[in-house]
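S.K.: Fold the following and give me the result.
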Amino acid sequence: MKNIKDYIEENKNRFIDELIELLKIPSISADPTYKDNVLDCSKAVAKSLENAGAENIEICPTAGYPIVYGEKIIDVNLPTVLVYGHYDVQPADPLDLWESGPFDPVIRKTKTHPEGAIFARGACDDKGQFYMHVKAFELMINTDNLPCNVKFMIEGEEEVGSENLSTFVISNKQKLSCDAILISDTGILSNETPSITTGLKGLSYLEVEVTGPNRDLHSGLYGGAVANPINILCEMIASMKDSNNHISIPGFYNNVIELTKEEREEIARAPFSLQDYKDALELSDIHGEKGYTTMERTGIRPTLDVNGILGGYIGEGAKTVIPSKAFAKISMRLVPNQSDKEITKLFSDYFKNIAPKSVSVKVTPHHGGEPYVSPTDIIAYKAASQAMEKTFGKKPVPVKAGGSIPIVALFEKELHVKSILLGFGLDSDAIHSPNEHYGIFNYLKGIETIPYFFLNFTKMFKSN
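M.R.: Numbers count the residues shown, from 1 in each chain. Now for the predicted structure:
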């Protein structure tokens, strides 16, 4: 394709500046305090699509935050690619661990990103990654290289489970009809070893509440005589895994398929340094389910983790109190054949069953999603693989990831189309953590690679 690198070189500073402006908007969907900011971000996304050359742009209302839609239909006889992304971001807490403001983007060089990385909440997940598609689209329009039709669907609730996207998809099947779905909300193994994600875990996310006495109590007067909800909650959580870190909820593994020796050997062939992994996280050792490697634990095994815990007095100084309540937020990442609804019920039943009579418990499901597997023998995957090989100089490795994008399974169910997970982030980019960042190299490499996907996919589609 002509002029791709020239166009990027001529416009890279503008591409970076535009992303920085988008990252300044604190579009935190989980916190109602930021409602106006999330809505402002949807308008900024719509404007960016308009500026890039998209048509029929809509800010589509939902019961929650809006979905931004845009398209460019150049010929109804050509294939159509639907680009999905999200403009909402995770909360920035804990703020005191950020080296710079989460919504005051700065560029700093790191060992992993010697050419610099943009530090800001949402830089990698997912503003930097979906904005690659906007700029790649602009590039294709302005260099006369757009080979097929394009549709954009950028939502504002991915970080809270995409609760209203399913209604939108089901109600707009014709509007969203396409031949492939392209998503950049995943990563690569390294900047030297490109990869394409071929599997995502499902998710079951819940909040649990343990209640003891009807009010906070003096720990000297009542300690040892009544149940302490924090103690009980910790004991209950601890009981959910055995000494081998195997999840002990009855029936949890019933539908988990054990991989063959050959399949596990294939996973082991992916480049991975355990020492580099530990060094990056400043760990003296790893931890996980016995009998599985780190890559297997994150990619093919289900997990259970406490994401937050609250109870009692946590302010400055001391307050000797037995709290009335304790809370925890718990997520379970699921593998193919596990259903989020089934696992949520198994967890709820088990949690209530193991509670002592001295407390009462409440389980509140928040959101979930089904696991997803993308085949490597379809033309969309082959188009993505060839595009990465063109720009990285290496054939990408297919990998299964530990993250979840709940909407992907719904796309397949309702639109009958497979999604290609063409991400460019790195595990070290600290998504969902303080000091999230996204490499300039990765951002520009995505803009360079995406047009080749469109060209390859269109050629293969025509000849198929």
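S.K.: any idea how far the residue nearest to Asp427 when sequence neighbours are not counted is from Asp6?
M.R.: Closest residue in space to Asp427, ignoring its immediate chain neighbours: Gly187 at 6.3 Å, by C-beta to C-beta, 6 or more residues apart in numbering. C-beta here means a position set from N, CA and C on the backbone, and glycine is covered the same way. Gly187 is 28 Å from Asp6, where distance means C-beta to C-beta, to the nearest Å.
S.K.: Show the contacting residues for the residue nearest to Asp427.
M.R.: Cys124, Ser195, Thr197, Ala401, Gly423, Phe424, Gly425, Leu426, Asp427, Asp429 (C-beta atoms under 8 Å, 6 or more residues apart in numbering).
S.K.: What is the lowest-pLDDT residue among those?
M.R.: Of all the contacts of Gly187, Ala401 carries the smallest pLDDT score, 86.
S.K.: hang on, the earlier thing: relative to Ile431, how far out is the residue nearest to Asp427?
M.R.: Where Ile431 is concerned, Gly187 sits at a distance of 9 Å (C-beta to C-beta).
S.K.: likewise Phe411?
M.R.: Distance of Phe411 to Ile431, given as C-beta to C-beta: 22 Å.
S.K.: Find the residues that touch each one of Gly187 and Ile431.
M.R.: Joint contacts of Gly187 and Ile431 (C-beta under 8 Å, 6+ apart) are Cys124, Gly425.
S.K.: Run through the chain and note the low-pLDDT ranges.
M.R.: 1-2 (pLDDT under 70).
S.K.: Would you mind finding the longest helix in it?
M.R.: Using DSSP state H, we find that the single longest helix of the chain is helix 440-463.
S.K.: and it, what does it pack onto?
M.R.: Contacts defined by 3 or more C-beta pairs under 8 Å, 6 or more residues apart in numbering; DSSP states H and E place helix 440-463 against helix 4-23, strand 117-119, helix 128-142, strand 180-183, helix 379-392.
S.K.: Out of the ones you listed, which one sits most buried?
M.R.: strand 117-119 (a mean of 26; mean count of other C-beta atoms under 10 Å).
S.K.: how far is that strand from where the chain is centred?
M.R.: Per C-alpha atoms, centre = their mean, to the nearest Å, the displacement of strand 117-119 from the mean C-alpha position of its chain is 18 Å.
S.K.: Could I get the full set of strands for the stretch 51-200 of the chain?
M.R.: With DSSP state E, counting those that start in this stretch, the ranges of strands along the stretch 51-200 of the chain come out as 55-60, 67-72, 80-86, 106-108, 117-119, 149-155, 180-183, 195-200.
S.K.: of all those, which lies closest to Tyr350?
M.R.: Taking C-beta to C-beta, strand 195-200 is the member of the strands of the stretch 51-200 of the chain nearest to Tyr350, at 25.1 Å.
S.K.: and the next element down the chain from the closest one?
M.R.: Downstream of strand 195-200, the first helix or strand assigned by DSSP states H and E is strand 202-211.
S.K.: Give me the sheet partners of the helix or strand just after that next one and which way each runs.
M.R.: As assigned by DSSP H and E, the chain's next helix or strand after strand 202-211 is strand 217-218. Applying DSSP bridges to the sheet, strand 217-218 is found paired with strand 321-322 (antiparallel).
S.K.: Which segments of this protein make up each domain?
M.R.: 4-200+371-463, 202-254+302-368, 257-298 (automatic domain parsing).
S.K.: so how far is stretch 137-157 from its chain's centroid?
M.R.: On C-alpha atoms, centre = their mean, the centre of stretch 137-157 falls 22 Å from the chain's centre.
S.K.: now stretch 225-245
M.R.: With C-alpha atoms, centre = their mean as the basis, the mean position of stretch 225-245 lies at 29 Å from the chain mean.
S.K.: repeat for stretch 244-258
M.R.: So, by C-alpha atoms, centre = their mean, the centroid of stretch 244-258 is 24 Å from its chain's centroid.
S.K.: So for it, what gets flagged as buried?
M.R.: Asn245, Ile247, Ile249, Phe252 (16 or more other C-beta atoms under 10 Å).
S.K.: Understood, closing this out.
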